[in-house]
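A.B. asks: quick one: sequence plus predicted model below, questions after.
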Amino acid sequence: MTMRNAAGVIFFAIVAVFFIFSILSLHPFGDFGEEGDKYYLEPKMDDYIIDNAQNETGANNAVTSVVFDYRGFDTLGEATVLFTAVAGVILIFRRLGK
């Protein structure tokens, strides 16, 4: 095994452990209320975020805390897709200009 392959395996293992730890530390989504409750079919996650957003994230704006802290992986994925699309368009236009 070359040094490059060993570094790739170590990097992949670190990223995999990070993702597994992140998944295990997520709050349960879709946790509904009690069956006799008036709002039985409405999930409690919105109330949880409203009540705990400032304490857990330190952000004064609950929407900002949801976008950047609670859904950080989703936001990172969207930024990656946008960057890849822009880079692809620039690459196409550079080749058309030659």
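C.D. replies: Done, it's in.
A.B. asks: tell me where the chain has helices.
C.D. replies: Remark: helices assigned in the chain by DSSP state H are 3-24, 45-57, 62-65, 72-97.
A.B. asks: so which helix or strand of this protein has the lowest pLDDT on average?
C.D. replies: Scoring the helices and strands of the chain by mean pLDDT, DSSP states H and E places helix 45-57 at the bottom, with a mean of 82.
A.B. asks: quick one: list the elements packing against that one.
C.D. replies: Where contact means 3 or more Cβ pairs under 8 Å, 6 or more residues apart in numbering; DSSP states H and E, helix 45-57 is packed against helix 62-65. All C-beta spots, glycine's among them, are computed from the backbone N, C-alpha and C.
A.B. asks: distance of the residue nearest to the spatial centre of the chain relative to Val66?
C.D. replies: Central residue of the chain (Cα atoms, centre = their mean): Phe73, 1.7 Å from the mean position. For Phe73, the distance to Val66 equals 13 Å [Cβ to Cβ, to the nearest Å].
A.B. asks: repeat that for Leu26.
C.D. replies: Distance, Leu26 to Val66, using Cβ to Cβ: 14 Å.
A.B. asks: which one of these two has more residues nearby?
C.D. replies: Taking neighbours as other Cβ atoms under 10 Å, Leu26 and Val66 compare with Val66 leading, 18 against 9.
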